[in-house]
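S.K.: give the three-dimensional model of this entry:
(one chain, ligands or ions: 1)
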Amino acid sequence: MNFLYTILINTKPSDIFQITFLTICFYILHFYYLHFTRTNPLPGPMPIPLIGTFEIFRAHIDIDAWFYKLTQKYGQNGVFELNLIGNRQIVITRAEYVNKFMTPASDQENHMKHLMRTANNGLLDLFDLDCKGVGLNHNYNFWKFNRQIFYQAIKTACYAEETCKLINNLYEEMINYWINLKKSNDDSVVVDAAAWMRRFTNDFISVVATSERTFAIKHYYQILNNEKITQEILDSEDFVECISNFFEDNQMIFIPKVLRKFPLIRGRVHKMMDTCDYLYKRLVQRIRRRRKEVEKLVNASNFDTSQLKNDLLTSMVVANTPYETTPQKNVDPSLLRPMTDDEIRGIMFDAFAAGTDTTANTFCFVLYYITHHPEVKKKLLEELRTVFKDDLTRPVTMDDLNKLRYCEAIINETSRIRPTVSMVSRYGNQADEVAGYKWPADILFIMYVRGINNNSLYWKDPEKFNPDRFYDPQEIEKQHKFGFTMFGGGLRMCLGRNLAMIEMKILLASLYRKFDVELVDMKAPLNIRTSTVTICKNLDVRIIPKAELC
Ligand code: HEM
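M.R.: Modelled structure (predicted):
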């Protein structure tokens, strides 16, 4: 004690300065010593002590464009690295290196080594996403159970003719709104496709998940039509906007906890928390309402299970209760109990988040590329004439969908050149060999989808928009198995892939059957905001009725 006291009273301010200076120097030397002696050193931007790769933290960076630039600069050998306050992130830009993550779900042993999306040292728990839902769930048993219940509900929807009818009806309703918004002296109408598509997909996924509409397209129309703004309209608009806000900055979930109060980060963390709180509150209201409906039904004397709604929300409300019609298999015993509101909310959040912006943005990119490629539009119209003959009004059926091969090729080619989900991550929780290197546990791998999808090793003239790559059987045969991904792969592959394709194909066929679509500004580049998902901020298009209809 005396010794410490003597040191303290003899310490001058200049000594404190020197000690601080030396500590910082030591930290920097230590940081770079670790950096230069790391195993498997890979090319990448030089990290800054304490922070790592600074750009990851910048708020309004076009993160996808930055990744693309890094891929050109450092990704020549198919792999480069970033650093997030000392944690390495390995970015993969070659198809042959992603096979570990993309191989069929049956290869369980391989997948178990990197089944999670993040190291869970970020802000997932702050947003209550670490043990909830499917997409970011970090608890294996929960994730498996949730994925199974989600899969069953979505699978039913994918095979139901009802789903086609629903999309056809929503489309007709939306078109009628557009026509009503037309100025009387004009045949065409200008709409912001990005805004409409977000509301369309939101309404659609709401019916699939809950059998109830959000009426997002109707409310948006009411606003544009200058109708009286009610609380219901405001709520619906806030709900759709909040989902987009979540995706606009969702690299936040990877930012380490220790940085949450840093000036550059704090405001963004609060914004994200507000967004999540709002969405969660709205979802829990719906869940409680459904619980009450189910309770009322099962307490009635004439109850039988066929009276229950056939949707994701109801299947979760009745899961592990005597009213469950399709019990889940191989469930961890700790989960053999009814689900709590918050657990159901986690899955509902995924359904709305993953089901709204992904499909809406992909569809906007599809419109953008078709308008810039008249030869593609010509071929699309030929396909529509072959499938629908001269019938411009009959609803699109499941049977038609199988014939709309060129429509699907356009969607695939759009997603190759401008993927909506351009980064897919996997966290290695065991030592493994990836990209030709032996890695210890605790490494985050990022499959840079746009880098792979546009790599000239797998695609001739990758920058050229050419749907024939996915239409011509000879072209398809030449493709590298993992040279194109849209929905990820392996055990964590997208659960909504079939549903999204059905939705986009019906929309594409219905729209181009009756209308011509032009960009209002052909010279403007895509107006996007990128995080791990690329958001189309706005896409003004002119919708022109086909001459024969005028
Ligand atoms: C064009 C539309 C869509 C695209 C491009 C897309 C893309 C993706 C991608 C790349 C992943 C990550 C897969 C992986 O890690 O390997 C994913 C996961 C997921 N998607 Fe989609 N998706 C779309 C539509 C949908 C829809 C409509 C739904 C819901 C109805 C949905 C639900 C999910 C879920 C729940 C996951 C998480 C799966 C898991 O982690 O186990 N997606 N999606």
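
S.K.: burial of the nearest residue to residue 130 once chain neighbours are set aside, as a residue count?
M.R.: Of all residues not flanking residue 130 in the chain, residue 124 sits nearest, at 3.9 Å (C-beta to C-beta, 6 or more residues apart in numbering). Quick note: C-beta positions are derived from backbone N, CA and C, even for glycine. The local packing of residue 124 (other C-beta atoms under 10 Å) involves 22 other residues.

S.K.: one more: the one 4 residues further on?
M.R.: Residues lying near residue 128 (other C-beta under 10 Å) number 17.

S.K.: tell me who's in contact with it.
M.R.: With contacts defined as C-beta atoms under 8 Å, 6 or more residues apart in numbering, the neighbours of residue 128 are 276, 280, 342, 346.

S.K.: distance-wise, check it relative to residue 175.
M.R.: To residue 175, residue 128 is 39 Å away according to C-beta to C-beta, to the nearest Å.

S.K.: returning to that earlier point: so the residue nearest to residue 130 sits against residue 136, correct?
M.R.: Yes: applying C-beta atoms under 8 Å as the test, residue 124 and residue 136 come out as touching, 5.8 Å apart.

S.K.: what residues do those two have in common as contacts?
M.R.: By C-beta under 8 Å, 6+ apart, residue 124 and residue 136 have these common neighbours: 118, 130, 253.

S.K.: and the pLDDT at the last one?
M.R.: Per-residue confidence at residue 253 stands at 80 (pLDDT).

S.K.: residue 135 is in contact with that one, correct?
M.R.: No: using C-beta under 8 Å, residue 253 and residue 135 do not qualify as a contacting pair, with a distance of 10.2 Å.

S.K.: residue contacts, the closest residue to residue 86 other than its chain neighbours?
M.R.: The shortest distance from residue 86 to any non-neighbouring residue, by C-beta to C-beta, 6+ apart, is to residue 52 (6.5 Å). Contacts here follow C-beta under 8 Å, 6+ apart; on that basis residue 52 touches 82-87.

S.K.: tell me what residue 52 is bridged to.
M.R.: residue 48, residue 84 (DSSP bridges).

S.K.: the helix or strand hosting residue 358 close to the ligand?
M.R.: Per DSSP states H and E: residue 358 is located in helix 341-371. Yes: with C-beta under 6 Å from any ligand atom as the measure, helix 341-371 is seen reaching the ligand through 350-351, 354-355, 358-359, 362.

S.K.: following that helix, which helix or strand comes up?
M.R.: From helix 341-371 onward toward the C-terminus, using DSSP H and E, the following helix or strand is helix 374-388.

S.K.: pull out the buried residues from that next one.
M.R.: Taking 16 or more other C-beta atoms under 10 Å as the basis for neighbour counts, the residues of helix 374-388 that come out buried are 376-377, 379-380, 383-384, 387-388.

S.K.: can you tell me the closest non-neighbouring residue to residue 276?
M.R.: residue 127 (4.8 Å).

S.K.: so for the one you found, what's the pLDDT?
M.R.: Model confidence at residue 127 (pLDDT) stands at 89.

S.K.: element containing it, please.
M.R.: Under DSSP H and E, no helix or strand contains residue 127.

S.K.: tell me, how many residues neighbour it?
M.R.: For residue 127, the number of neighbouring residues by other C-beta under 10 Å comes to 22.

S.K.: residues from the stretch 1-150 of the chain in reach of the ligand?
M.R.: Taking C-beta under 6 Å from any ligand atom as the criterion, the stretch 1-150 of the chain approaches the ligand at residues 134-135, 147, 150.

S.K.: tabulate the residues you listed (JSON lines), appending secondary structure, pLDDT and neighbour count.
M.R.: Written out in JSON lines, the entries for those read as follows (DSSP: H, G, I helix; E, B strand; the rest coil; pLDDT from 0 to 100; neighbours: other C-beta atoms under 10 Å):
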{"residue": "134", "secondary structure": "coil", "pLDDT": "95", "neighbour count": "23"}
{"residue": "135", "secondary structure": "coil", "pLDDT": "93", "neighbour count": "21"}
{"residue": "147", "secondary structure": "helix", "pLDDT": "94", "neighbour count": "19"}
{"residue": "150", "secondary structure": "helix", "pLDDT": "93", "neighbour count": "23"}
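
S.K.: ok, those vs residue 5, which is closest?
M.R.: Sorting those by distance to residue 5 puts residue 135 at the head of the list, at 56.6 Å, by C-beta to C-beta.

S.K.: top of the contacts of residue 128 by neighbour count?
M.R.: residue 346 (26 neighbours).

S.K.: so it touches residue 135, yeah?
M.R.: No: taking contact to mean C-beta under 8 Å, the distance of 9.4 Å between residue 346 and residue 135 leaves them out of contact.

S.K.: from residue 317, how far off is residue 338?
M.R.: Distance of residue 338 to residue 317, computed by C-beta to C-beta: 8 Å.

S.K.: the more surrounded of those two?
M.R.: When neighbours are counted by other C-beta under 10 Å, residue 338 and residue 317 differ, and residue 317 comes out ahead with 25 against 14.

S.K.: can you map out the strands along this structure?
M.R.: Using DSSP state E, the strands of the chain run over residues 79-84, 87-92, 189-192, 423-428, 432-434, 437-439, 443-448, 515-519, 527-530, 534-538, 540-545.

S.K.: save the ones you listed as a markdown table, and put in mean pLDDT and mean neighbour count too.
M.R.: Putting the strands of the chain into a markdown table (pLDDT from 0 to 100; neighbours: other C-beta atoms under 10 Å) gives the following:
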| stretch | mean pLDDT | mean neighbour count |
| --- | --- | --- |
| strand 79-84 | 92 | 22 |
| strand 87-92 | 93 | 22 |
| strand 189-192 | 96 | 18 |
| strand 423-428 | 93 | 22 |
| strand 432-434 | 92 | 16 |
| strand 437-439 | 95 | 15 |
| strand 443-448 | 94 | 24 |
| strand 515-519 | 96 | 17 |
| strand 527-530 | 92 | 18 |
| strand 534-538 | 95 | 21 |
| strand 540-545 | 96 | 18 |
